[in-house]
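K.L.:
give the three-dimensional model of this entry:
(one chain, ligands or ions: 2)
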Amino acid sequence: MVLRVFNTIDGKLEEFRPLLDTHVGMYVCGPTVYDWTHMGHARTYLAFDVIVRWLKFKGFSVFYVQNITDVGHLTEDSAEDKIAKKAKEKRIEPMQLVEFYMREYLKDLDLLGVERPDISPRATGHLIEIIEAVESLIKKEYAYEVNGNVFFDVSKFEDYGMLSKIKPKAMLAGSRFEIHPDKRNPQDFALWKKAEKNALLKWWSPWGYGFPGWHIECAIMGLKYLGSQLDIHGGARDLVFPHHENEIAQCEALTGKKPFVKYWLHTGFLTISGEKMAKSLGNYVTVREALEKYEAEAIRLFVLSAHYRSEINFTDKRLRAAEAGLRRLYNTISSLEEAMEHSVKRKLTEAEKKIKKKVEKLEFEFVEAMDEDFNTPQAIATLFELSREINRFLGEQKQASIELLKEIYEALLEKGKVLGLFQRERIKKPSEKLVNDLVKLLVELRENLRRKGDFELSDGIRAKLRESGVVLEDTSEGCKWKLT
Ligand code: AMP
Ligand code: ZN
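P.N.:
Numbers count the residues shown, from 1 in each chain. Ligands and ions are numbered 1, 2, ... in the order given. Below is the predicted model of the structure:
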């Protein structure tokens, strides 16, 4: 089946054909690491995690680059570097702050079961490449320097606006552009910014001390690791303008108008009480807070219950519903595991042939949904339908064919796994029988010790077992145990 994706630049669904056979070069804008990761960020990175999983499922090899922004991202109100500002407040080194939040970000995404990108390049590790690119843009007359600042001259790039459809000439000066006295046109944007004397983040350049603009960072890291043309570039929808628009202008000016990106994918916002969840609005729930309340896979199921391009509202009710849904799916897995233990080897009965067909049909529908621009809500609906059919079948059968049960079991696990579900440790949990045997062994050991008069050790075993929720009771018929 053919995969179709919604390409922001063309505003429509298109057949997905990478530039080079089955190889996919993909870049997703990473976080600015100056604070905790919140559920809004998680929504975007979970969406791209599933996109990567699906591409791999379809047989593509994916090279996934996701940067870490550690300089150059300025606050909307005071145009201060977000990292430098926070480091100053905390009286620590900016890179200490970066290192801390970068590690926590990776930990959060690990906890959510998000597969790590192949490379997580940091902007400050690419200053030489950035400076070289800015020099080249000046040479090509796409950029100009004034008083230690270098700006990209938007009027020189006639295709400006091709992604966002925002044409600079149609914009009122200053309405969405940073006003700067050295700019030729208000819509020009900074490639290199002059640093204040006491700036915490500054590097030497041909234009004096300064730091790179946020837009050139992603452009250069994209070009460096993925070449002059990328298959996929992603981020949330707020990055379309100006961040991604500016990336196109810079890269295509550098490479001689080679189309920088074939498919632009953008996620919708995660909202809370109908408003975008954002650090600046103070309405955010961190991933860590969410994980204290809800299970990681329930958070994932909640996020995937909406299409990645739609908005999704974060409510306790929806997360609880996701938890209940997840429980239903896991119950089906358990029922299948149990049924497999007393299954038989034989030819399929009529009822078995029927369920086999249903499972195959639902598997087909799952693939169809995912192939239509990664339609996870539709895919999840087929997963629940699959679970209902399996439950009904198991409820009606005393015994079933082992081959059939195995096939159904694998089908369910495979489809869940491609959404990042069914990764819970419980699948590897020791069986009840093993737990019983181990407790019995400890009880016998304790009785032996008591008989030998070693009460210190035997009481120690009793206390440890109690801590783990196993209570021992000495009766006239010997020692009995129960779980608390
Ligand atoms: P930042 O750390 O602000 O650069 O954001 C990192 C990524 O998360 C960007 O692609 C943002 O657009 C995205 N993002 C931030 N807030 C939300 C949100 N509420 N919903 C979806 N994506 C978001
Ligand atoms: Zn970016």
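K.L.:
now do the phi/psi pair for the residue nearest to residue 483 when sequence neighbours are not counted.
P.N.:
Closest residue to residue 483 apart from its sequence neighbours, by CB to CB, 6 or more residues apart in numbering: residue 469 at 5.6 Å. To be clear about C-beta, it is placed using only N, CA and C from the backbone, and glycine gets the same treatment. Taking degrees, to the nearest 10, you get phi 90, psi 20 for the backbone angles of residue 469.
K.L.:
and residue 469, what pLDDT?
P.N.:
pLDDT, residue 469: 83.
K.L.:
now swap in the one 3 residues further on and tell me
P.N.:
Among the per-residue scores, residue 472 shows a pLDDT of 89.
K.L.:
so it sits in a helix?
P.N.:
No - Residue 472 sits outside any helix when classified using DSSP: H, G, I helix; E, B strand; the rest coil, being strand.
K.L.:
now find how far off-centre the helix or strand hosting residue 84 is within its chain.
P.N.:
Following DSSP states H and E, the helix or strand that holds residue 84 is helix 82-90. The chain centre lies 26 Å from the centre of helix 82-90; the measure is CA atoms, centre = their mean, to the nearest Å.
K.L.:
name the nearest residue to whichever residue of the chain sits closest to ligand 1, ignoring sequence neighbours.
P.N.:
For the chain, the residue closest to ligand 1 is residue 40, as judged by CB to the nearest ligand atom, at 2.4 Å. Closest residue in space to residue 40, ignoring its immediate chain neighbours: residue 277 at 3.8 Å, by CB to CB, 6+ apart.
K.L.:
go on, residue 323?
P.N.:
Per CB to CB, 6+ apart, closest to residue 323 is residue 298, 4.2 Å.
K.L.:
now do residue 98
P.N.:
In space, residue 98 comes closest to residue 70 once its chain neighbours are excluded; the distance is 4.4 Å by CB to CB, 6+ apart.
K.L.:
one more: residue 275?
P.N.:
residue 283 (6.1 Å).
K.L.:
can you tell me the element residue 387 falls in?
P.N.:
Using DSSP H and E, residue 387 sits in helix 376-396.
K.L.:
and if you look at residue 27?
P.N.:
With DSSP H and E as the test, residue 27 turns up in strand 23-28.
K.L.:
the residue nearest to residue 483 against residue 484, yeah?
P.N.:
Yes - if you go by CB atoms under 8 Å, residue 469 and residue 484 touch, sitting 4.8 Å apart.
K.L.:
who touches the lowest-mean-pLDDT helix or strand in the chain?
P.N.:
Lowest by mean pLDDT, DSSP states H and E among the helices and strands of the chain is strand 478-483, with a mean of 84. The contact list for strand 478-483, computed with CB atoms under 8 Å, 6 or more residues apart in numbering, reads 439, 443, 446, 447, 465, 469, 470, 471, 472, 473.
K.L.:
how far does the helix holding residue 387 sit from its chain's centre?
P.N.:
Helix 376-396 sits 26 Å away from the centroid of its parent chain (CA atoms, centre = their mean).
K.L.:
stretch 394-410 now?
P.N.:
With CA atoms, centre = their mean, you get 34 Å for stretch 394-410.
K.L.:
export it to PDB, keeping only CA atoms.
P.N.:
Extracted in PDB, the C-alpha atoms of stretch 394-410 (Å, rounded to 0.1, in the frame of the first residue of the first chain):
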ATOM      1  CA  LEU A 394     -12.100 -16.500  23.300                       C
ATOM      2  CA  GLY A 395     -15.300 -16.300  25.300                       C
ATOM      3  CA  GLU A 396     -17.000 -18.700  22.900                       C
ATOM      4  CA  GLN A 397     -14.200 -21.300  22.600                       C
ATOM      5  CA  LYS A 398     -13.000 -23.700  25.200                       C
ATOM      6  CA  GLN A 399      -9.900 -24.500  23.200                       C
ATOM      7  CA  ALA A 400      -8.300 -23.100  20.100                       C
ATOM      8  CA  SER A 401      -5.600 -23.900  17.600                       C
ATOM      9  CA  ILE A 402      -2.200 -22.900  18.800                       C
ATOM     10  CA  GLU A 403      -1.100 -21.700  15.400                       C
ATOM     11  CA  LEU A 404      -4.100 -19.500  15.100                       C
ATOM     12  CA  LEU A 405      -3.700 -18.000  18.600                       C
ATOM     13  CA  LYS A 406      -0.100 -17.300  18.000                       C
ATOM     14  CA  GLU A 407      -0.900 -15.600  14.700                       C
ATOM     15  CA  ILE A 408      -3.500 -13.400  16.400                       C
ATOM     16  CA  TYR A 409      -1.200 -12.700  19.300                       C
ATOM     17  CA  GLU A 410       1.600 -11.600  17.100                       C
END
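K.L.:
avg pLDDT for that stretch?
P.N.:
Stretch 394-410 shows an average pLDDT of 96 in the prediction.
K.L.:
so which bits of it are buried?
P.N.:
Neighbour counts over stretch 394-410 (16 or more other CB atoms under 10 Å) mark 394, 397, 400, 401, 402, 404, 405, 408, 409 as buried.
K.L.:
same deal with stretch 285-305?
P.N.:
Going by 16+ other CB under 10 Å, stretch 285-305 has these buried residues: 285-287, 290, 294-305.
K.L.:
again with stretch 230-249
P.N.:
Neighbour counts using 16+ other CB under 10 Å place 230-237, 239-240, 242-249 of stretch 230-249 among the buried residues.
K.L.:
now do stretch 357-373
P.N.:
Buried, per 16+ other CB under 10 Å, within stretch 357-373: 358, 359, 362, 363, 365, 366, 367, 369, 370, 371, 372, 373.
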